[in-house]
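# Build the 3D model from these lines:
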Amino acid sequence: MALIEIDDLHVTFDAKGRHVHAVRGVSLAVAARASYGLVGESGSGKSTILRAICGMAPVTGGEIRIDGRAIPARRDRAFARRVQMVFQDPYASLHPRHTIDRTLGEPLRIHGVARGTERGRRILRALEDVGLDPAFRFRFPHQLSGGQRQRVAIARALMLEPEILLLDEPTSALDASVQAEALNLLSRLRAERGLTFLMVSHDLAVIDHMCDRLTVMKEGRAVEALDHAQLARHDMKADYTRELFAATTERIAAAE
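Alright, predicted model coming up:
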């Protein structure tokens, strides 16, 4: 049985006076400890799927299941202990007036976990796990680089020791030189902690590097599903997938 199952998911909402059907009948399954990618251009609905899982976008059709059970309409603390999300922009997702210590300690406080000295030990361990010196503990977000802020965001997501990380373009706001470091960090943490990833990116090269399987999305629909071996063989059936692959290949060649 898959750990995450999405069955005929639809997400619709009103935005600026118009009706938006952001996700149209998408189905996929993510095995435990696997890394699954959602790739497509902006507006394809891929980030909306992550938000629907977290309860931040309205599910208007279909079902989302974890461990074979439909997730509750109102996400509770038990859900938050199992599922955490890392957002695209670490500066926007971190409170500007909270120290890193407070940011990392807040999930523990809310859930009544690891009080006192144990909380401090877990914060220091989290900083070490993401490659940050203990001196960062009492700094503020504006005192950190973009890559350091994203490491803090990853550490915060891991404070409750979840099984699943939802990664919404986790490196797109970073400089190219820092992106590889963040991706390698995520790969290491997944291996060490047995995590399951559902990862969104517009960059097929990132998904190829990080994910065992992927779904290509366009205009809210799933265009094609591939595994890593099929992608390596260029075994693609959809024209849109071929276009994405060609654009990625050209971009990498230009960078070299």
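# if I pick Arg102, what's in contact with it?
Residues near Arg102 by Cβ atoms under 8 Å, 6 or more residues apart in numbering: His95. Quick note: C-beta positions are derived from backbone N, CA and C, even for glycine.
# 10 Å - rerun?
Neighbouring residues of Arg102 by Cβ atoms under 10 Å, 6 or more residues apart in numbering: 95, 109, 123, 137-138, 140.
# Ok, Asp208 next?
37, 39, 201, 214, 226, 228, 231-232, 245, 248 are the contacts of Asp208 under Cβ under 10 Å, 6+ apart.
# Check Pro107 too.
Listed by Cβ under 10 Å, 6+ apart, the contact set of Pro107 reads 80-81, 84, 113-114, 156-160, 162.
# can you put the residues you listed in JSON lines and add pLDDT, distance to Thr48 and secondary structure?
Output for the contacts of Pro107, formatted as JSON lines (pLDDT from 0 to 100; distance: Cβ to Cβ, whole Å; DSSP: H, G, I helix; E, B strand; the rest coil):
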{"residue": "Ala80", "pLDDT": "92", "distance to Thr48": "20", "secondary structure": "helix"}
{"residue": "Arg81", "pLDDT": "93", "distance to Thr48": "24", "secondary structure": "helix"}
{"residue": "Gln84", "pLDDT": "96", "distance to Thr48": "18", "secondary structure": "strand"}
{"residue": "Val113", "pLDDT": "81", "distance to Thr48": "31", "secondary structure": "coil"}
{"residue": "Ala114", "pLDDT": "76", "distance to Thr48": "34", "secondary structure": "coil"}
{"residue": "Arg156", "pLDDT": "95", "distance to Thr48": "23", "secondary structure": "helix"}
{"residue": "Ala157", "pLDDT": "95", "distance to Thr48": "19", "secondary structure": "helix"}
{"residue": "Leu158", "pLDDT": "95", "distance to Thr48": "24", "secondary structure": "helix"}
{"residue": "Met159", "pLDDT": "94", "distance to Thr48": "26", "secondary structure": "coil"}
{"residue": "Leu160", "pLDDT": "93", "distance to Thr48": "24", "secondary structure": "coil"}
{"residue": "Pro162", "pLDDT": "96", "distance to Thr48": "21", "secondary structure": "coil"}
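# Which entries within those meet the buried criterion?
Among those, those classed as buried by 16 or more other Cβ atoms under 10 Å are 80, 84, 113-114, 156-160, 162.
# Return the list of helices and strands in contact with the helix or strand where Glu118 lies.
Using DSSP states H and E, Glu118 sits within helix 116-129. Contact analysis of helix 116-129 by 3 or more Cβ pairs under 10 Å, 6 or more residues apart in numbering; DSSP states H and E lists helix 100-110, helix 146-158, helix 176-193 as its packing neighbours.
# quick one: Leu244 from Gly68, how far?
In this view, Leu244 and Gly68 are 32 Å apart by Cβ to Cβ, to the nearest Å.
# if you count what's nearby, which of these two comes out ahead?
Neighbours were counted for Leu244 and for Gly68 using other Cβ atoms under 10 Å; Leu244 has more, 23 against 9.
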